[in-house]
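K.L.:
only geometry, no sequence info:
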């Protein structure tokens, strides 16, 4: 007897036939779907935690004067809100999607290193606890902004050490996750699944993982230097000891700008999956989308200086960073035009995932345009550290990353749960989110242009009206997210069975080769991709 | 013959590691030149972690399981990382061992007091199919 059989590498998935239940299942699981679920629920919990902080901020800013919180606590709120949303909500949510989808989309049985995958998740939890618990230590939570700028950060209490430790742990988790994702994508693709046949979500995550690997040591080094400046007498960033606080800004933003793309590239992948499905057309310009994603990633390494035009760089430096930043509009524009071209003359329907994807394109483009405005050095010098910047990055990260997360959640919920969500509730969630979001953040452009600085709990009377509108919008947006939570729970508990492929135009392996819900162990034998 | 599914060969792995190491160390070195030397050890640590991960993949490059029954001779050859095993015997005297436990079905070939496990590269379903097919050609011991 002799038979040739390419099988998945079971030395990595010897867990494959154990199916633990109860608490043990979740603590020790090495199953990519379980770990994906853990990441997604964790991210949702952190999203609501960060959201409560955002609503406290907006409640305080509803009218001039100090209402609810003192200025120190307000600064802690803005700082931890940023850290929690970036490191606790958006990034883990994308890792959750990566865990669920990458193996299924490339025809693999699991991630390449399932145990490391488990560690990656369980590192995130203590880090989040450290971040949130820092509110309850003497001196309160970090109040320096999520950028952790010295010298302010060197002067604060023990909460800074907790924040630094949290960032270190999160970095370790991200690195392990990235190695796992890169190895999985490169090594465990099904026969016939060439790189240029991979779904865009897989491509965007491959590039995102490379970005993470490139920049995480920079962040780790930066916060380590903060720690040694605080406790071991070094003077990396202490001007009194011969150090340079500006160096921290360079180092931080060398990490920080790619970090923005780490949060947004997977969004491009999700939208590139959803729009063809609901336009019932193949994605327009697949290859150009891949190259555009890679171009954006490469450019992200040479634009960090646009965050610090006001620190006093040479004119040549300012010009370089200005033009390099503007250059990013080219590959981003390629993507936006490709999505529109995909929709052009398509047989479109507007289910909730499509609505969120279209919302993403429209609002993310506004964020892109305000980014171009901020890229212009003289303009940026005028509106730096104003609410214009706050409006810009919320248009990029909320209507960009968050909306596409919602789009992805609604799109893949039938595959994850085997049930259909409530479409009417989903649409209501979308419309309330879009309306609330725009009322919250569009006026902040006006506030910024009028000169309102960010990170202040009180402001001049002239800013009162738009701040009131912004707070009203924030509360509409914030509370409408409870609809999402309800819809997800209702979907899981409902009896509305989902078809294996409820979306006509979805054509990736998880839709064409797997039932709904996806079985606990999928693709134990690799499918052959034509 | 069963081999693990792999889409990344040794050359691709080397190229990938070189790309990651090159860019990460270059960034770390540039930071060190500018005075931020603590970035460099973290970069090195990370590259080492990638190298260890790739090394663990490389150890399994040559994994295979090959079972042949020709005439009255049965031959089983397996390789799992650095461990190789070969069993050649007289087919009527060899036994197929099928072990059904809580972890699923495990297969082995026993001959002259030696048992070599096989089917590790197969899924549960395929192992059971093999057990059924081989059972018609070899004596079976179930545990």
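P.N.:
That came through fine. Just so we're clear, the structure is a prediction, and the values are computed from it rather than from any experiment. Numbering: from 1, shown residues only, chains lettered A, B, ... in the order given.

K.L.:
work out for me the element the residue of chain A at minimum distance from chain B sits within.
P.N.:
Closest approach between chain A and chain B, counting by Cβ to the nearest Cβ: residue A:221, at 3.1 Å. Yep, even glycine has a C-beta here, placed from its N, CA and C like the rest. According to DSSP states H and E, residue A:221 maps onto helix A:200-231.

K.L.:
mind listing what's buried in that helix?
P.N.:
Of all the residues in helix A:200-231, those buried under the rule 16 or more other Cβ atoms under 10 Å in any protein chain shown are A:200-227, A:229-230.

K.L.:
do stretch A:361-373 as well
P.N.:
A:361, A:363-368, A:370-371.

K.L.:
for whatever residue of chain B ends up closest to chain A, what are its contacts?
P.N.:
Taking Cβ to the nearest Cβ, chain A has its nearest neighbour within chain B at residue B:39, 3.1 Å off. When contacts are counted by Cβ atoms under 8 Å, 6 or more residues apart in numbering or on different chains, residue B:39 is found next to A:217-218, A:220-222, A:251, B:27-28, B:31-32.

K.L.:
could I get the residues you listed as TSV with pLDDT and distance to residue A:124?
P.N.:
Output for those, formatted as TSV (pLDDT from 0 to 100; distance: Cβ to Cβ, whole Å):
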residue	pLDDT	distance to residue A:124
A:217	96	19
A:218	97	20
A:220	97	16
A:221	97	21
A:222	96	20
A:251	96	24
B:27	96	24
B:28	96	25
B:31	95	26
B:32	96	29
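
K.L.:
kindly reformat those as JSON lines containing distance to residue B:89.
P.N.:
Below are the contacts of residue B:39 laid out as JSON lines (distance: Cβ to Cβ, whole Å):
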{"residue": "A:217", "distance to residue B:89": "54"}
{"residue": "A:218", "distance to residue B:89": "59"}
{"residue": "A:220", "distance to residue B:89": "56"}
{"residue": "A:221", "distance to residue B:89": "60"}
{"residue": "A:222", "distance to residue B:89": "63"}
{"residue": "A:251", "distance to residue B:89": "65"}
{"residue": "B:27", "distance to residue B:89": "57"}
{"residue": "B:28", "distance to residue B:89": "56"}
{"residue": "B:31", "distance to residue B:89": "62"}
{"residue": "B:32", "distance to residue B:89": "61"}
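
K.L.:
excluding covalently adjacent residues, which one is nearest to the residue of chain B closest to chain A?
P.N.:
Leaving aside its sequence neighbours, residue B:39 sits nearest to residue A:221 (Cβ to Cβ, 6 or more residues apart in numbering or on different chains; 3.1 Å).

K.L.:
so that neighbour is in contact with residue B:31, correct?
P.N.:
Yes. Judged on Cβ atoms under 8 Å, residue A:221 makes contact with residue B:31 at a distance of 6.4 Å.

K.L.:
now the common contact residues for those two.
P.N.:
With Cβ under 8 Å, 6+ apart, residue A:221 and residue B:31 have common neighbours A:251, B:39-40.

K.L.:
which one of these is nearest residue A:99?
P.N.:
Relative to residue A:99, the closest of the shared contacts of residue A:221 and residue B:31 is residue B:39; by Cβ to Cβ it sits at 28.6 Å.

K.L.:
pLDDT score assigned to that closest one?
P.N.:
Note for residue B:39: predicted pLDDT of 97.

K.L.:
need the residues of the stretch 51-200 of chain A near chain B, please.
P.N.:
A:112-113, A:116, A:175-176, A:179, A:182-183, A:186-191, A:193 (Cβ under 8 Å from any Cβ of the partner chain).

K.L.:
so after the longest helix seen in chain A, what's the next helix or strand?
P.N.:
Looking across chain A with DSSP state H, the single longest helix is helix A:245-279. The helix or strand immediately downstream of helix A:245-279 is helix A:286-299, counting by DSSP H and E.

K.L.:
show me where chain B has strands.
P.N.:
Counting by DSSP state E, chain B has strands at residues B:2-4, B:64-70, B:73-80, B:83-90, B:95-101, B:104-111, B:114-118, B:140-142.

K.L.:
what's the weakest-modelled helix or strand in chain B?
P.N.:
None of the helices or strands of chain B scores lower by mean pLDDT, DSSP states H and E than strand B:140-142, at a mean of 82.

K.L.:
for residue A:333, grab the count of nearby residues.
P.N.:
Counted with other Cβ atoms under 10 Å in any protein chain shown, the neighbours of residue A:333 add up to 13.

K.L.:
any figure for the gap between residue A:77 and residue A:71?
P.N.:
Look at residue A:77 and residue A:71: by Cβ to Cβ, to the nearest Å, they are 10 Å apart.
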